[in-house]
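> How does the following fold in three dimensions:
(one chain, ligands or ions: 1)
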Amino acid sequence: MTLPDFKTWAKSIQERVEVTLGEVLPAAGHQPAQLHEAMRYAVLDGGKRVRPLLVFAAGEIVGASPERLQYAACAVEMIHAYSLVHDDMPAMDNDVLRRGKATVHVAYGEATALLVGDALQTAAFDTLSSRVLADNPTDQLRMVNILARASGSFGMCGGQGIDLYGVGKALTLPELEMMHILKTGALIRSSVLLGSFCGAALDEAERSRLDHFAKCMGLAFQVVDDILDCEADSATLGKTAGKDVANNKPTYVSLLGLAEARRHAAMLLADAQDALVPFGARAQRLKEIADFIVERRS
Ligand code: GRG
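Numbering: from 1, shown residues only. Prediction:
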């Protein structure tokens with residue numbers, strides 16, 4: 001059987017995730033309507049859905065059912081959306097444009113934006129824990145733990161903290177790398193791990209190979225993000241371009257230069273792809289997403 005090409009496959013997953021997000025998010029008219037409308041505004045109809053695609057692609061390695069994967073994918077996307085809402089607020093990055101539209105605090109006010117992030121975070125864990133998503137309760141408990149660790153102060157929030165407290169200070173490459181492993185990489189990595197727990201069990205060697213792939217891609221995603229921040233325009237990105245340079249923020253490009261940053265991304269991609277070899281055809285989608293993450297233009 002020939003598989004659909006990557007674009008067609010990705011579109012079908014993005015559509016499925018959009019529908020499921022629409023179902024798991026509170027209805028816009030449900031009281032308090034302003035909060036629920038703003039939650040839907042923050043999540044629906046936007047973004048590349050890279051993390052959900054990774055959940056589904058990792059699910060192919062273990063033969064997981066789309067009915068399970070869609071909820072794991074929605075959970076991680078809701079955490080991601082919450083992080084963007086809070087990151088855009090005046091106390092953090094103070095941005096007005098996200099996913100091609102006004103940021104949540106601009107459209108709904110700061111207090112609502114704060115609540116939207118809080119409520120999306122708990123909605124993610126509600127989605128992950130209120131139905132059976134793994135073959136046994138221990139694995140599902142691990143999934144909840146994986147997402148919690150990836151989101152909190154040992155993961156994404158910790159990375160954001162390093163970023164905030166480092167303003168005005170020069171970072172070395174290892175320090176920059178540690179910040180991004182946590183800030184961006186942890187959630188990307190958790191997407192792969194969550195998908196891998198929705199189906200048949202992996203042995204330790206397989207799990208560690210998949211984890212190595214996920215770690216490399218988490219970092220590669222950020223290196224490419226830094227490259228795009230200086231290469232692409234705001235209309236293409238759907239968010240304000242050139243902010244890192246404007247804010248004098250250390251990035252892979254500022255530390256390594258553009259050519260070396262590109263080489264670094266290519267090296268991480270090659271390392272990630274290597275880890276997938278023993279999985280053979282089951283890893284085709286993961287391999288394709290890895291290419292997409294490094295070759296993307298927005
Ligand atoms: C506020 C707790 C808290 C955390 C914020 C993720 C994050 C941490 C901040 C976002 C700022 C940023 C530019 C991070 C770097 C990479 C990144 C996560 C970009 C946005 O992700 P994409 O490109 O966005 O997947 P879409 O809109 O396509 O989903």
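> Model confidence for the residue of the chain found nearest the ligand, exactly?
Relative to the ligand, the nearest point of the chain is G47 (3.0 Å; Cβ to the nearest ligand atom). C-beta: built from backbone N, CA, C; applies to glycine. pLDDT, G47: 93.
> May I have the phi/psi pair for R98?
phi -150, psi 130 (degrees, to the nearest 10).
> and the stretch 51-200 of the chain, which residues reach the ligand?
Contacts of the stretch 51-200 of the chain with the ligand, taken as Cβ under 6 Å from any ligand atom, map to H80, S83, L84, H86, D87, M92, R99, M156, C157, Q160, K183, T184.
> quick one: which of those is nearest to V62?
Taking Cβ to Cβ as the measure, V62 lies nearest H80 of those, at 22.4 Å.
> if we can go back for a sec, what's near enough to touch the residue of the chain closest to the ligand?
E77, H80, A81, R99 (Cβ atoms under 8 Å, 6 or more residues apart in numbering).
> which among those gets closest to N247?
Here the nearest of the contacts of G47 to N247, counting by Cβ to Cβ, is R99; it sits at 20.4 Å.
> Helix, strand or coil: sort out the closest residue to that closest one other than its chain neighbours for me.
Nearest residue to R99, sequence neighbours excluded (Cβ to Cβ, 6 or more residues apart in numbering): G46, at 3.4 Å. Following DSSP: H, G, I helix; E, B strand; the rest coil, we place G46 in the coil state.
> Burial check on L176, number of neighbours?
23 (other Cβ atoms under 10 Å).
> Around G238, how many other residues sit close by?
Neighbour tally, G238, other Cβ under 10 Å: 17.
> burial of the residue nearest to R99, as a residue count?
G46: 16 neighbours (other Cβ under 10 Å).
> quick one, phi/psi of it?
Residue torsions, per degrees, to the nearest 10, at G46 are phi 180, psi 160.
> What separation is there between it and K239?
11 Å (Cβ to Cβ, to the nearest Å).
> what mean pLDDT does stretch 155-172 have?
91.
> got the contact list for it?
79, 83, 87, 92, 149-153, 175, 178-187, 190, 250, 255.
> if we go to 7 Å?
S83, R149, A150, S151, S153, M179, H180, L182, K183, A186, L187, P250 (Cβ atoms under 7 Å, 6 or more residues apart in numbering).
> and what of stretch 4-19?
Residues from elsewhere that reach stretch 4-19 (Cβ under 7 Å, 6+ apart): 44, 49, 52-53, 56, 66, 70, 73-74, 77, 285, 288, 292.
> now the strands for the stretch 51-200 of the chain?
97-98, 101-102 (DSSP state E, counting those that start in this stretch).
> what sits up against the first one?
Contact partners of strand 97-98, identified using Cβ under 7 Å, 6+ apart, comprise L84, D88, T103, S234, K239, T240.
> related to what we said a few turns ago, so of the contacts of stretch 155-172, which two are at opposite extremes in space?
Top of the distance list for the contacts of stretch 155-172 (Cβ to Cβ): R149 and P250, 25.6 Å.
> Show me which of these two is the more surrounded one.
P250 (19 against 14).
> Determine the three-state secondary structure at that one.
coil.
> quick one, phi psi at it?
Main-chain dihedrals, P250, degrees, to the nearest 10: phi -70, psi 130.
> Give me the below-cutoff pLDDT ranges for this protein.
Along the chain, the parts satisfying pLDDT under 70 run over 1, 237, 241-242.
> Run through the neighbouring helices and strands of the longest helix along it.
Taking DSSP state H as the criterion, the chain has its longest helix at helix 204-231. When contacts are defined as 3 or more Cβ pairs under 7 Å, 6 or more residues apart in numbering; DSSP states H and E, helix 204-231 packs onto helix 173-180, helix 186-196, helix 243-246, helix 252-256, helix 258-276, helix 284-295.
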